[in-house]
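Q: Build me a model:
(4 chains)
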4 protein chains.
Amino acid sequence: MTKLRFQRLLLPVAAASLLAVATAATPQAPTAGVAAAASRLGVDAQVIDDLVTANRILAHENIVDGYGHVSIRHPTRPNHFLIARSVAPEFVTADDIIEYDLDSNAVAPGEAREFIERFIHGEIYKARPDVGSIVHSHSPAVIPFSVSTVALRPVFHMAPFLAAGVPVWDAALVNDPEAKGILVRNRALGASLAATLGKKPVALMRGHGSVVVSRELKNTVKNAIFLETNARMQSAAIALGGPIKYLSMEEAMATLSGRGDPDRAWDYWKRRALAKH
Amino acid sequence: MTKLRFQRLLLPVAAASLLAVATAATPQAPTAGVAAAASRLGVDAQVIDDLVTANRILAHENIVDGYGHVSIRHPTRPNHFLIARSVAPEFVTADDIIEYDLDSNAVAPGEAREFIERFIHGEIYKARPDVGSIVHSHSPAVIPFSVSTVALRPVFHMAPFLAAGVPVWDAALVNDPEAKGILVRNRALGASLAATLGKKPVALMRGHGSVVVSRELKNTVKNAIFLETNARMQSAAIALGGPIKYLSMEEAMATLSGRGDPDRAWDYWKRRALAKH
Amino acid sequence: MTKLRFQRLLLPVAAASLLAVATAATPQAPTAGVAAAASRLGVDAQVIDDLVTANRILAHENIVDGYGHVSIRHPTRPNHFLIARSVAPEFVTADDIIEYDLDSNAVAPGEAREFIERFIHGEIYKARPDVGSIVHSHSPAVIPFSVSTVALRPVFHMAPFLAAGVPVWDAALVNDPEAKGILVRNRALGASLAATLGKKPVALMRGHGSVVVSRELKNTVKNAIFLETNARMQSAAIALGGPIKYLSMEEAMATLSGRGDPDRAWDYWKRRALAKH
Amino acid sequence: MTKLRFQRLLLPVAAASLLAVATAATPQAPTAGVAAAASRLGVDAQVIDDLVTANRILAHENIVDGYGHVSIRHPTRPNHFLIARSVAPEFVTADDIIEYDLDSNAVAPGEAREFIERFIHGEIYKARPDVGSIVHSHSPAVIPFSVSTVALRPVFHMAPFLAAGVPVWDAALVNDPEAKGILVRNRALGASLAATLGKKPVALMRGHGSVVVSRELKNTVKNAIFLETNARMQSAAIALGGPIKYLSMEEAMATLSGRGDPDRAWDYWKRRALAKH
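A: Predicted coordinates:
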């Protein structure tokens, strides 16, 4: 890239603007800067690579757009978590990853561009020691369920994690000065969301989106994708007009405990997301 | 292009392959001709670049297709506005930008290819001194609400601007010889639309589309996109069959007044739109 | 292309298979072979170029897939028409264009790969001297209306041509030995479809698709696209549950007679379709 | 790649730009390794090429995602079948094809990455000597019908194979220790699914997906695609609210027996799928 940047200085304006387009079209591969970030944050390079890839996958599969974020608990400092600065997930690179404590304060000072809703992550990690990763998204088929009295329930075997019930958090019902603004703008709102989530893997956020949590990043990303898929399928099943046979709790438990091929979907989404760039 | 092809011979392989991507892009990069247009129209280059980018973003996000337009009030001549000549937004360049007075007459004579419905813009700018930019689109999820008695209302926190109510303008009800043609073909129809819009940020146009207005271009583009998103989500919520809890006016006000990150979405959409070319 | 084909002989296997992909990815530009076809068929090159482009546009806008076809009446031999041999529209080139008489017999002998349903075209041209071009498609949002008692009606001002009513042709009701096969496999079935179409610009074909006809190719393509758009919008409007205010006949007439910019949409779709290749 | 880059220097400009497109393609072209696989498995190269292409087509047409699979009965060893190892269909290559006996045991020992649900294939081939190929998918518009009492029925003439009725297999109703896990994890569950399928060309699998079977691979792929299309169209027709006139059995029989152009759709999908890479 250094060689390329140097060449840019030599190019006339027309070529330079074309190159600008080309550069925009081909953001840095996820591995760029990974080693530096891993060293800075005290984790293995694979951890950073996976977190950057998770951002790309969620963008490519239309779970996040300019908004939404994914975090992981720090592997060796469990009272810290890692998340990007305020950047659209499709364009997150290793350089963008920041370390936070569980009060959602950046460990390194001076960071200006933070996600407003980082408190979602800090407060859930605080309340749920079993959780190692969190996705917050506005994925579109889920939001109708967040404003409806009709419950989101599993119709698809890839979404067994919905069988325990999907709580809906309504910011408007929280007794907090900032509650009317929908967003999770402070620790108290984050703690309220975490309380509504309880021990569940998913909570909807009324008029806003959802949080998906699980122990492991790849699983959380997968669940965030199939949450959206299930919402679309359930909406279509309801529109058919007949009664629906949802997954039972027994089926969900059996599905969750069955041996599977956890990497196949991740590898597939990763190839697709990276091929795009 | 000859100059560019010559440069290719001088570039190392890596740059050449990037250029190959750029060359695959047919339309001019948005920056081409910006300086000349800025000089011709008496504005900063950034103003032109943003207006061209707004066209590209709206096209790439499927808010406009071959039809639809976006304008800004002239920054230093507030009784003028800037809009493209009659070109599909995806292919608008700086050269296409024209200056109009508020009677929707082109300032420079001899322009043959004008948007028929430029009167939408002139009449709204005339009636609404607070408005600095306007998007008119036929975005598809919005139009069903324009022909229905079911009101478009906010279900998504990215569309708080809908909370004040969304008036529907029906050309057929206007007492004008051209009213039956649906389109805003003259100043009187534009003034009628502006009257229906009143002080609101959005009006639907029956069987036709919508107008979205706000002080600032990036905000107007964002609202035009989330207007469509909200319409899709509300339609899905209605299809679930249960009662819906819409955003309250209090929530909408709090959301609108909350500090945000106004450039994140714009930067995201811009990168995507330019990467396409 | 000759030069390129020659180069292929020199390439090793790996490069050859990559080239095979590239060739598949970049079918001949629509202008390739246009002059030869124009000469063979006795028309201007522009006529061929437009017909090939119409195929590409309809494919790119998802009106046709592997099936569907578009024809024009021969400009100087009005009892003949031009249509491709049996090829997916996305890949039609000038070489594929065949001349037929109005009994749907190919003028040049020996053509093996013909559209089964060429009789749609021959019989409509026979019955409708005012028609200069025909699109037959299976566009997906239209077909539900073809099997329903709910009538397709105009909700969008780009589909005023629907205001006169949209007849539905049901092959099963035709007294013909091949009628049960849904397809228009012979002249009698084509004549029956033409009789149902009557003087209208659109007819649906039950469980099958639609025909769209008009004097001029670009207009027919445009109407085929907005037929699908309107069907989607009307379906969404119905799903909202309230009464719908459709375009009146008076509005449709005014819209159809209004001056417009007929080439803007065509130019837009053409650029998009060609940019894809 | 070094060899390829060298070739680029020798190619004229036109070929170079084609190569640039080809280089942008990451995965191996479908023909790579075909000869070796054909030799290893004792079949013609065309058999392997078609099976790999079927995987690519199903992925490109959004019938399969990271999950789903397609198999063929071995052409000369009818008590064996060929299917990929556990790989997302979009990325299957000839090297991934494995030979199984009808108890779903791999013929060559030591294969670690097998599809869990290979028993779907073995048991259906065992029960249905007329079946030469099988697609199992989670295509999204079909699944709502699998959990609803509303039956999937043909509204589109490209899905006449639905006219004989579409049985729904419910794993939860099978008396097997693994039945609650939804997936076809063993021979008994596969045999139960095959029994539900009976002599039909399609069975739905509750909360899971579908199987589509027919004598010939290209036909099975086509039916898997139009199964999804028909489900989408039927859902839309139901949402219109009026009665629906489905294809009759007589029409379906006539459609199925009509001469057609079986390769047109396959060729179209193949070109599209390969152009993507």
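Q: Would you tell me which helix is longest in chain A?
A: Across chain A, the helix with the greatest residue count (assigned by DSSP state H) is helix A:217-240.
Q: quick one: that helix to helix B:217-240, angle?
A: Going by axes from the mean of the first three to the mean of the last three CA atoms, to 10 degrees, helix A:217-240 is angled at 60 degrees with respect to helix B:217-240.
Q: next structured bit after helix A:217-240?
A: helix A:249-257 (DSSP states H and E).
Q: where along chain A do the helices fall?
A: Counting by DSSP H, the helices of chain A are A:2-10, A:13-25, A:34-41, A:45-60, A:118-127, A:143-146, A:187-197, A:217-240, A:249-257, A:262-276.
Q: okay, those helices, which one's buried deepest?
A: Comparing the helices of chain A by mean neighbour count (mean count of other CB atoms under 10 Å in any protein chain shown), helix A:143-146 comes out on top with a mean of 27. In this view, the C-beta of every residue, glycine as well, is placed from N, C-alpha and C.
Q: Next, see if it gets close to chain C.
A: No. Figure legend: helix A:143-146 not in contact with chain C (CB under 8 Å from any CB of the partner chain); closest approach 12.5 Å.
Q: Mind putting the helices of chain A into TSV with distance to residue C:123?
A: Output for these, formatted as TSV (distance: least, CB to CB, whole Å):
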stretch	distance to residue C:123
helix A:2-10	61
helix A:13-25	49
helix A:34-41	65
helix A:45-60	48
helix A:118-127	64
helix A:143-146	47
helix A:187-197	64
helix A:217-240	38
helix A:249-257	55
helix A:262-276	46
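Q: So is the longest helix of chain A next to chain B?
A: Yes. For helix A:217-240, a contact with chain B is found by CB under 8 Å from any CB, at A:235, A:238, A:239.
Q: Those residues also near chain C: which ones?
A: Among the residues of helix A:217-240 next to chain B, the ones lying near chain C by CB under 8 Å from any CB are residue A:239.
Q: Close to chain D: what parts of the stretch 51-200 of chain A are there?
A: A:154, A:155, A:156, A:157, A:158.
Q: What is the most widely separated pair among the residues you listed?
A: Taking CB to CB as the measure, these span a maximum distance of 10.1 Å, between A:155 and A:158.
Q: where in the stretch 1-150 of chain A is pLDDT low?
A: Within the stretch 1-150 of chain A, the stretches with pLDDT under 70 are A:1-32.
Q: how does it look with 50?
A: A:1-28 (pLDDT under 50).
Q: Pick out the residue of the stretch 1-150 of chain A closest to chain C.
A: residue A:144 (12.5 Å; CB to the nearest CB).
Q: Am I right that that residue is in contact with residue B:155?
A: Yes. Using CB atoms under 8 Å, residue A:144 is in contact with residue B:155, at 7.0 Å.
Q: which neighbours do these two share?
A: Listed contacts common to residue A:144 and residue B:155 are B:233, B:234, B:237; contacts here mean CB atoms under 8 Å, 6 or more residues apart in numbering or on different chains.
Q: just those now: which is nearest chain D?
A: Nearest to chain D among the shared contacts of residue A:144 and residue B:155, counting by CB to the nearest CB, is residue B:237 at 15.0 Å.
Q: what's near enough to touch the closest one?
A: Neighbours of residue B:237 in contact, by CB under 8 Å, 6+ apart: A:143, A:144, A:145, A:147, A:148, B:155, B:244.
Q: redo that, cut-off 10 Å
A: A:143-148, A:150, A:207, A:235, B:153, B:155-156, B:243-246 (CB atoms under 10 Å, 6 or more residues apart in numbering or on different chains).
Q: Which pLDDT value goes with it?
A: In the prediction, the pLDDT value recorded for residue B:237 is 98.
Q: Leaving out sequence neighbours, find the closest residue to it.
A: residue A:144 (3.8 Å; CB to CB, 6 or more residues apart in numbering or on different chains).
Q: wait, doesn't that neighbour sit right on residue A:235?
A: Yes. Applying CB atoms under 10 Å, one finds residue A:144 in contact with residue A:235, separated by 6.9 Å.
Q: any shared contact partners between these two?
A: With CB under 10 Å, 6+ apart as the test, residue A:144 and residue A:235 both reach A:150, A:152, B:236, B:237, B:239, B:240.
Q: Which positions in the stretch 151-277 of chain A make contact with chain C?
A: Listed as neighbours of chain C in the stretch 151-277 of chain A under the rule CB under 10 Å from any CB of the partner chain: residue A:239.
Q: Residue of the stretch 101-250 of chain A nearest chain C, please.
A: residue A:239 (7.8 Å).
Q: how much space between that residue and residue D:150?
A: Distance, residue A:239 to residue D:150, using CB to CB, to the nearest Å: 10 Å.
Q: between the two, what contacts are shared?
A: D:144, D:235, D:238.
Q: of all these, which comes closest to residue D:167?
A: residue D:144 (16.4 Å).
Q: ok, now which ones touch the closest one?
A: Contacts of residue D:144 (CB under 10 Å, 6+ apart): A:155-156, A:232-240, A:242, A:244, D:150, D:152, D:231, D:235.
Q: Show me the two of the shared contacts of residue A:144 and residue A:235 that sit farthest apart.
A: With CB to CB as the measure, no two of the shared contacts of residue A:144 and residue A:235 lie farther apart than A:152 and B:239, at 14.1 Å.
Q: Hmm, residue A:215 is touching residue A:73, no?
A: Yes. Look at residue A:215 against residue A:73 with CB under 10 Å: they come within range, at 9.2 Å.
Q: Comparing these two, which shows the higher neighbour count?
A: More crowded of residue A:215 and residue A:73, by other CB atoms under 10 Å in any protein chain shown: residue A:73, with 23 against 13.
Q: Is the more buried one bridged to anything, and to what?
A: With beta bridges defined as DSSP bridges, residue A:73 has these partners: residue A:81.
Q: Next one: it relative to residue A:40, how far apart?
A: Taking CB to CB, one finds residue A:73 at 17 Å from residue A:40.
Q: Residue A:148 now?
A: 44 Å.
Q: what do you get for residue A:188?
A: Distance, residue A:188 to residue A:40, using CB to CB: 31 Å.
Q: again, but for residue A:224
A: Computed as CB to CB, the residue A:224 to residue A:40 distance reads 27 Å.
Q: again, but for residue A:83
A: In this view, residue A:83 and residue A:40 are 14 Å apart by CB to CB.
Q: so how far is the first residue of stretch A:53-70 from its last?
A: By CA to CA, to the nearest Å, the extent of stretch A:53-70 from end to end equals 10 Å.
Q: ditto for stretch A:134-147
A: Stretch A:134-147 has an end-to-end distance of 22 Å (CA to CA).
Q: What of stretch A:195-214?
A: Note: stretch A:195-214 ends 16 Å apart using CA to CA.
Q: one step back: and the residue of the stretch 101-250 of chain A closest to chain C, what does it touch?
A: Neighbouring residues of residue A:239 by CB under 10 Å, 6+ apart: B:236, B:239, B:240, B:241, C:239, D:144, D:148, D:150, D:235, D:236, D:238, D:239.
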